[in-house]
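Asker: Sequence first, then the predicted structure:
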Amino acid sequence: MKVSLSNRMKAIVDAVPECYVVADIGCDHGKVLYQLLKTGKCKYGIGSDISEMCAIKTLDLLRKNNIRNCEVTVGDGFNAIKDRVVDAVIIAGMGGYEIIHILESAPKNYRYLVLQPMNHVEEVRRFLADNGYKIEMDTMIEEKGKFYDVLRVNSQGKTKYKRLNFLFGMNDAHNPSFVHYVQENIAKYEEILKNVPKNKQKDIKKILKYLHKISKKGVKNG
Ligand SMILES: C[S@@+](CC[C@H](N)C(=O)[O-])C[C@H]1O[C@@H](n2cnc3c(N)ncnc32)[C@H](O)[C@@H]1O
């Protein structure tokens with residue numbers, strides 16, 4: 001059975017570090033877990049989803065592809081994996097506030113998080129910085145005209161972002177998706193600038209200056 005992954009899913013897989021046990025909270029179709037186990041990047045996988053139907057989809061995909069080093073459970077957020085030893089936890093394809101809500105009640109008994117918020121990424125970054133997480137990788141992938149942020153986070157450490165890093169992330173200028181994203185934002189803020197009264201233009205001009213700078217140099221993490 002051929003399993004094809006979207007570029008967004010491939011970027012999530014790439015962000016997961018090689019490890020022993022990976023858990024995918026909100027696994028849905030199960031393709032990310034499938035890829036991690038099939039390639040041996042992770043040795044054991046736990047899939048979990050709040051929806052029984054989605055958990056069954058994942059189980060089906062793994063069984064049909066003869067992947068046995070895994071289990072799939074039904075549960076809300078970290079409840080499904082509490083008391084388990086896990087190296088990396090994936091929470092992907094959900095809204096930013098949903099991800100924050102899941103993390104608010106999460107134990108930190110794992111080393112890495114891989115997050116792929118569909119919106120409110122700035123708020124997710126702020127939550128991580130305020131709660132003792134270190135964003136180690138903050139990348140972006142464009143697919144069919146949409147930009148998706150993918151974050152690899154250490155559960156221990158500090159995120160030292162400045163104000164605009166929270167908004168635009170930390171990518172290097174060699175990432176074509178990021179360059180395109182910055183260009184689109186330059187156009188967006190130039191349009192905003194035209195419609196803002198003179199006494200309120202200062203902040204927009206600061207953002208534009210920053211965007212022009214990072215479109216050439218990117219942003220360094222750490
Ligand atoms: C849009 S799908 C994303 C699937 C996959 N993670 C991806 O990125 O392609 C979101 C999944 O998260 C599940 N979900 C939503 N809230 C959840 C929660 N609190 N705990 C576990 N799963 C949840 C939904 O049932 C759904 O299957």
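Answerer: Perfect, I can see it now.
Asker: so how many other residues sit close to residue 69?
Answerer: Look at residue 69: counted by other CB atoms under 10 Å, it has 12 neighbours. Where you see a C-beta, it was placed from the backbone N, CA and C, and this is true even at glycine.
Asker: With residue 102 instead?
Answerer: Residue 102 is flanked by 20 other residues according to other CB under 10 Å.
Asker: Name the nearest residue to it, ignoring sequence neighbours.
Answerer: Spatial nearest neighbour of residue 102, chain neighbours left out: residue 77 (3.9 Å); criterion: CB to CB, 6 or more residues apart in numbering.
Asker: what separates the one you found from the ligand, distance-wise?
Answerer: When distance is defined by CB to the nearest ligand atom, to the nearest Å, residue 77 is 4 Å away from the ligand.
Asker: Could you do residue 142 as well?
Answerer: According to CB to the nearest ligand atom, residue 142 stands 16 Å off from the ligand.
Asker: Test my guess that that residue contacts residue 182.
Answerer: No. Checked against CB atoms under 8 Å, the pair residue 142 and residue 182 is beyond contact range at 11.5 Å.
Asker: Kindly report the residues of this structure close to the ligand.
Answerer: With the criterion set to CB under 6 Å from any ligand atom, the chain comes near the ligand through 9, 25-28, 49-51, 54, 76-77, 92-94, 98, 102, 116.
Asker: Among the residues you listed, which lie within helices?
Answerer: Using DSSP state H, the members of these that fall within helices are 9, 54, 98, 102.
Asker: Okay, now the unreliable bits of this protein?
Answerer: Residue ranges of the chain with pLDDT under 70: 221-222.
Asker: all strands of it, in order?
Answerer: 19-25, 42-49, 70-74, 88-94, 112-117, 134-143, 146-154 (DSSP state E).
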